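> Curious how this folds, go ahead:
(2 chains)
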Amino acid sequence: MARITYVEFGGTEHAVDLEDGMSLMEGALSNGIPGIDGDCGGNAACATCHVFVPPEWQAATGERSATEIEMLELADSFDPATSRLACQITAGPALDGLKVGMPETQH
Amino acid sequence: MATQLKLIDEERLALVNAGIAGVGGAPEDRAALMDYLRTAPLGEVDITDARFWTADAHWAWWERLRAEQPVHRCEVSRLGGGYWSVTRWEDIMAVDTNHKVFSSDAHLGGITLRDMDSDFIMPMFIAMDPPKHDVQRKAVNPIVSGANLKAFESLIRSRTAEVLDGLPVGEPFDWVDRVSIELTTQMLATLFDFPFEERRKLTYWSDIATADDTMPGNPTRDERRAILFEMLVQFTGLWNERVNDPEPKGDLISMLAHNPATRDMVPMEYMGNLVLLIVGGNDTTRNSITGGLLFLNENPAEYAKLRADHSLIEPMVSEIIRYQTPLAHMRRTAVEDVELNGQLIKKGDRVGMWYVSGNRDERAIENPDAFLIDRARPRQHMSFGFGIHRCVGNRLAELQLKILWEEVLKRFSNIKVLAEPDRVPSSFVKGYKSMMVEIER
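Coordinates of the predicted model:
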């Protein structure tokens, strides 16, 4: 179990508990968190679950694949240092307390 | 036993393609064509034949292929040469996200199963691979930024209101012309900052750009090229007016003229990117606007649900786009031998990703043949494509549809479709030429 906080572009926070093994995209959709669309269903194929992961959490959230980087580079508000696709991050005890930001729009 | 595909004679087909006769309204033709698709030898069927699309009969083929031969080879086609059809959600996703093996390059044929003419290559970023694709796409991406979408919202709403308020009540009219074309063309004129009173030229060029010049009734190859050059001439005038502005304005032409990735495009490349942006912004939303009204008429229980609960507009918009699938396929060309779901695709082969089939794949979507405006995950459809070529304008399209339905529901309790629509004779643009409707008093 991990408590994840999703921060909307405007600053509104949503803290939810995710079961181990669930992706952060799935966690957002199943909890009705606005700002994360997840159009492709978790294939790193659309960049509509774009989030920002603070540097201190990146060891725990893992490396980006080449495919994920390609999709992120075409996304609005891409930040080379912190951008991730939430569908490529899996919840687990190591992520308990993680806070992720969101861009203004996803498409 | 196989049914022979001799149900519509060639003479009548010519009339159909010329728009003089319609097969869409003849249920016996549709039933016979579907019967053919269910029973003909698998290798014999060429689904790019326009008859299957004007009669809306292609559905039987996808159902069969998904079950019997999800990656299918058509050896002899009207396109000159064979092609693969990829029909299941998962396989389409695999092709769409593997741009290193499945190229979009115009010089290999481009992004429709029908090859781009090798002596009239129009480079455009949808028909490019990285890295050039990426930088050109990024040049126009700001047109659909969050700030722009917010700025467009009130403009779209006031224009939509004006178009709807101008419609006749209690008498038949063509929804495609009065609403679908009008609204999408107004939007496109704004995106280009194109002379507003001349906006129907954009519709015309969009239709010409995607018209198959081998079809009777369509402009010939030379006529089509001449028309596209006329488009280029007018747009070059607009480019020249804007290229020396000290700061780029917010329109697409200014964005292209001022961005280092696109400011030195050769004329054919400018033409290509114009065609991409015009077709992308025009044909697709137009046909979802028409399709939405058709589906609500075909599913009165859903129309009733919508009237009772306007919060369903948002999920309905995604469902309309899934159910319509305004572009039936996108094509890639294999640049090396590759296996896909048990089939060996050879280097150089054409590969059609049939979004229209993936969107009805029961392996990925529950009850996929039903039009349901309150699905749990309506956004999970293939109509915008996946991977690096995914639709740039998707959120703008959704916004246009959302505002349209909000304004329709404020005004009219029922818009009745009077007859089967006339459909576009194309296996690429899945759309409607006309649909007669009446607003009930």
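> hey, let's count contacts and neighbours off CA atoms from now on
OK.
> For chain A, see how far away B:V279 is.
19 Å (CA to the nearest CA, to the nearest Å).
> And that residue, which helix or strand is it part of?
helix B:267-298 (DSSP states H and E).
> Quick one: mean pLDDT over the helix or strand just after that helix.
The helix or strand immediately downstream of helix B:267-298 is helix B:300-308, counting by DSSP H and E. Here helix B:300-308 scores 98 as its mean pLDDT.
> Just want the angle from the following helix or strand past helix B:300-308 to helix B:267-298.
Sequence order places helix B:313-324 as the next helix or strand after helix B:300-308, per DSSP H and E. Put simply, helix B:313-324 runs at 110 degrees to helix B:267-298, going by axes from the mean of the first three to the mean of the last three CA atoms, to 10 degrees.
> Which elements pack onto the helix or strand just after helix B:313-324?
Where DSSP H and E defines the elements, the next helix or strand beyond helix B:313-324 is strand B:329-334. On a contact count with 3 or more CA pairs under 8 Å, 6 or more residues apart in numbering or on different chains; DSSP states H and E, strand B:329-334 meets strand B:102-103, strand B:350-354, helix B:355-358.
> How far does strand B:329-334 sit from its chain's centre?
15 Å (CA atoms, centre = their mean, to the nearest Å).
> ok, now stretch B:29-41?
With CA atoms, centre = their mean, you get 25 Å for stretch B:29-41.
> Quick check: buried residues in that stretch?
B:29-30, B:32-40 (16 or more other CA atoms under 10 Å in any protein chain shown).
> and these as JSON lines, adding pLDDT and secondary structure?
Formatted as JSON lines, the buried residues of stretch B:29-41 follow (pLDDT from 0 to 100; DSSP: H, G, I helix; E, B strand; the rest coil):
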{"residue": "B:D29", "pLDDT": "84", "secondary structure": "helix"}
{"residue": "B:R30", "pLDDT": "92", "secondary structure": "helix"}
{"residue": "B:A32", "pLDDT": "92", "secondary structure": "helix"}
{"residue": "B:L33", "pLDDT": "94", "secondary structure": "helix"}
{"residue": "B:M34", "pLDDT": "95", "secondary structure": "helix"}
{"residue": "B:D35", "pLDDT": "94", "secondary structure": "helix"}
{"residue": "B:Y36", "pLDDT": "94", "secondary structure": "helix"}
{"residue": "B:L37", "pLDDT": "95", "secondary structure": "helix"}
{"residue": "B:R38", "pLDDT": "96", "secondary structure": "helix"}
{"residue": "B:T39", "pLDDT": "94", "secondary structure": "helix"}
{"residue": "B:A40", "pLDDT": "93", "secondary structure": "coil"}
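> Quick check: residues of the stretch 101-250 of chain B near chain A?
B:134, B:138, B:145-146 (CA under 8 Å from any CA of the partner chain).
> Closest to the centroid, which residue in chain A?
Centroid check for chain A by CA atoms, centre = their mean gives A:A86 as the closest residue, at 2.7 Å.
> Relative to chain B, how far out is it?
Distance from A:A86 to chain B, by CA to the nearest CA: 16 Å.
> Restricted to helices, list the residues of the stretch 101-250 of chain B next to chain A.
Under the assignment DSSP state H, those contribute B:134, B:138, B:146 to helices.
> tally of neighbours for the closest residue to the first one other than its chain neighbours?
Distance criterion CA to CA, 6 or more residues apart in numbering or on different chains; nearest residue to B:D134, sequence neighbours excluded, is A:L74 at 7.1 Å. Counted with other CA atoms under 10 Å in any protein chain shown, residues neighbouring A:L74 total 22.
> ok now do A:L74, which residues does it touch?
B:134, B:138, B:388 (CA atoms under 8 Å, 6 or more residues apart in numbering or on different chains).
> mind redoing it with 10 Å?
A:46-47, A:107, B:134-135, B:137-138, B:141, B:387-390, B:392 (CA atoms under 10 Å, 6 or more residues apart in numbering or on different chains).
> Pull out the buried residues from the helix holding B:V279.
B:268-297.
> For B:M435, see how far away B:A419 is.
7 Å (CA to CA, to the nearest Å).
> Show me which of those two is the more surrounded one.
B:M435 (22 against 12).
> Look up how far B:V179 lies from the more buried one.
B:M435 is 11 Å from B:V179, by CA to CA.
> Repeat that for A:K99.
45 Å.
> likewise B:I403?
Taking CA to CA, one finds B:I403 at 13 Å from B:V179.
> With A:A75 instead?
32 Å.
> For B:G166, give me its contacts.
B:160, B:178-179.
> are any of those residues buried, and which?
Buried among those by 16+ other CA under 10 Å: B:160, B:179.
> out of the contacts of B:G166, which are inside helices?
B:T160.
> Export the contacts of B:G166 to TSV and append columns for distance to A:A28.
Output for the contacts of B:G166, formatted as TSV (distance: CA to CA, whole Å):
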residue	distance to A:A28
B:T160	33
B:R178	40
B:V179	37
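> Good, we can wrap up now.
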